[in-house]
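S.K.: Using only what follows, build the 3D model:
(one chain, ligands or ions: 1)
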Amino acid sequence: MTDSLQSPLFRQHAYINGQWLSARNSATQSIFNPATGELIGTVPMMGREEARQAIAAADQALPAWRALPARERSARLRAWFDLMLEHQEVLARLMTMEQGKPLAEARNEILYAASFMEWFAEEGKRVYGDVIPSPQADKRLLVLKQPVGVAAAITPWNFPSAMITRKAAPALAAGCTMVLKPAPQTPFSALALAALASSAGIPAGVFNVVTGSAEEIGGEFTGNPIVRKLTFTGSTPIGRLLMAQCAHDVKKMSLELGGNAPFIVFEDADLDKAVQGVLIAKYRNNGQTCVCTNRLYVHDSVYDAFAAKLKTAVEALKVGNGLDSGVTIGPLINDAAVHKVEAHISDAVGKGASVLTGGKLHALGGTFFQPTILTNVPHDALVAGEETFGPLAPLFRFQDEAEVIARANDTEYGLAAYFYTESLSRIFRVAEALEYGMVGINSGSISNEVAPFGGVKASGLGREGSKYGIEEYLEIKYLNIGC
Ligand code: ADP
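M.R.: As a prediction, this is how the structure comes out:
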């Protein structure tokens, strides 16, 4: 643990215009390890002025960065990727310390985060325009794709590294520059990435990290006309607020917001595969991912058998400090997260649900919570409609396909959905009927750098990753040439 804190990647200053800075008023914010309560370090508590300074630096760096040939930008992103892999262990340990996830998951997240650097380093070379056949003989019509300009990013704590690279890599590959406000709980992963960006030859001002007040920095990011694009991952209420704040300048936006993912186990599902799917789709990161399933719908005819298998698998999970070997479930991020899980359990139990396993704070104390399964959960329970963001799997019972599709779609959210069936015709029928941006079919793990990640309805706008992800950082310009 101390090794990572001795590393040059452990930075306690913000990174603006290639410099490591304190807040103007020297204010700092303390960051604690959610597993132990120990102080890890401090970061500057910056505000509006420093955000403005970072935006000005990004604006100044923009002309030279966007003028570089794509392959030059690509080479630096590739160098950033290589450095992330080289320093995987330090990055993963820092992440586990500030976020709590088991070290194995943190190591995987570093690989996942780095994969966006590699992918967009390549995609940046393939930003093609178009030549359009003209309706008039004396005209030639061309389409250019150009970088949007200065992009601002606001990221959450649940994936402290990947949610940054998923935005920064396409932005920089496209020729944009970026200012980033990381989540207050997990700034050290962001600052470590900035240290590597510097070593990778990303010029000063191209990637900036401002730590501090969400309201002030967010206010400047959304209110400053130099910023042409805001990309945000977080809750739907904050997404709505940022969208309203961006309305004045009509900024381009990408929003990756909350979810309420259904997980449907049909009567013809392979139950063992479905249990493995739930372990990933529900319990990864202790249930704290926006694509985590929130509601499990199990067909009446396999309900009891599935519940028994899931119970065995969940009881084998090991709760503890993410740095300890064999741990598969870390602490929740904070007390508010614990209260939400408890509220969903007590509401469901009050309405007639039973606790099959777990249900309480873990004996380790702090924010450690027992992985929980509830059975016979009524459809009017809070957990049917609200995202829990914790290790709670509520099992609802259903009788037929039309009914379960209607229940699955009965939410304002539309990020991820999962279902298990061995029937090919049902796969297409159900996949097409689900109102979601992403559907896992016989698969509990859907995220990777080559596929489009994003939601519909109140789950957001735009897509990240894949060939589509870079489009979010490009404007289309049409040239009409008389000749
Ligand atoms: P969560 O509840 O998962 O922390 P939030 O949506 O509150 O999700 O936070 C996601 C990110 O949005 C964090 O970086 C947080 O600091 C930031 N944030 C929260 N409130 C605001 C705000 N008013 N303006 C700008 N950013 C904000």
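
S.K.: Quick check, the residue in the protein closest to the ligand?
M.R.: residue 218 (2.2 Å; CB to the nearest ligand atom). Where you see a C-beta, it was placed from the backbone N, CA and C, and this is true even at glycine.

S.K.: residues contacting that residue?
M.R.: The contact partners of residue 218, taken as CB atoms under 8 Å, 6 or more residues apart in numbering, are 154, 181, 242, 245.

S.K.: want to try JSON lines for those residues, with secondary structure and neighbour count as columns?
M.R.: As requested, those are exported to JSON lines (DSSP: H, G, I helix; E, B strand; the rest coil; neighbours: other CB atoms under 10 Å):
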{"residue": "154", "secondary structure": "strand", "neighbour count": "24"}
{"residue": "181", "secondary structure": "strand", "neighbour count": "28"}
{"residue": "242", "secondary structure": "helix", "neighbour count": "23"}
{"residue": "245", "secondary structure": "helix", "neighbour count": "16"}
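
S.K.: Dump these into JSON lines; add pLDDT and distance to the ligand as well.
M.R.: Output for the contacts of residue 218, formatted as JSON lines (pLDDT from 0 to 100; distance: CB to the nearest ligand atom, whole Å):
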{"residue": "154", "pLDDT": "99", "distance to the ligand": "5"}
{"residue": "181", "pLDDT": "98", "distance to the ligand": "6"}
{"residue": "242", "pLDDT": "98", "distance to the ligand": "6"}
{"residue": "245", "pLDDT": "98", "distance to the ligand": "8"}
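
S.K.: can you tell me which two in these are farthest apart?
M.R.: 181 and 245 (13.5 Å; CB to CB).

S.K.: Just confirm residue 440 is within a strand.
M.R.: Yes. Counting by DSSP: H, G, I helix; E, B strand; the rest coil, residue 440 falls inside a strand.

S.K.: The residue most central in space within the chain - nearest residue in space that isn't next to it in sequence?
M.R.: By CA atoms, centre = their mean, the chain has its centre lying nearest to residue 163, at 4.6 Å. Nearest non-adjacent residue to residue 163, counting by CB to CB, 6 or more residues apart in numbering: residue 155, 4.4 Å away.

S.K.: before we move on, what about residue 177?
M.R.: residue 58 (4.0 Å).

S.K.: name the element that neighbour belongs to?
M.R.: helix 48-67 (DSSP states H and E).

S.K.: The residue nearest to residue 177 and residue 132, how far apart?
M.R.: According to CB to CB, to the nearest Å, residue 58 and residue 132 sit 33 Å apart.

S.K.: the more surrounded of those two?
M.R.: residue 58 (27 against 14; other CB atoms under 10 Å).

S.K.: So which elements touch the host helix or strand of residue 340?
M.R.: Using DSSP H and E, the element containing residue 340 is helix 335-350. Under the contact criterion of 3 or more CB pairs under 8 Å, 6 or more residues apart in numbering; DSSP states H and E, helix 335-350 touches strand 372-375, strand 392-398.

S.K.: Can I get the ones you listed in a markdown table including mean neighbour count and mean pLDDT?
M.R.: Below are the helices and strands packed on helix 335-350 laid out as a markdown table (neighbours: other CB atoms under 10 Å; pLDDT from 0 to 100):
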| stretch | mean neighbour count | mean pLDDT |
| --- | --- | --- |
| strand 372-375 | 24 | 98 |
| strand 392-398 | 24 | 98 |
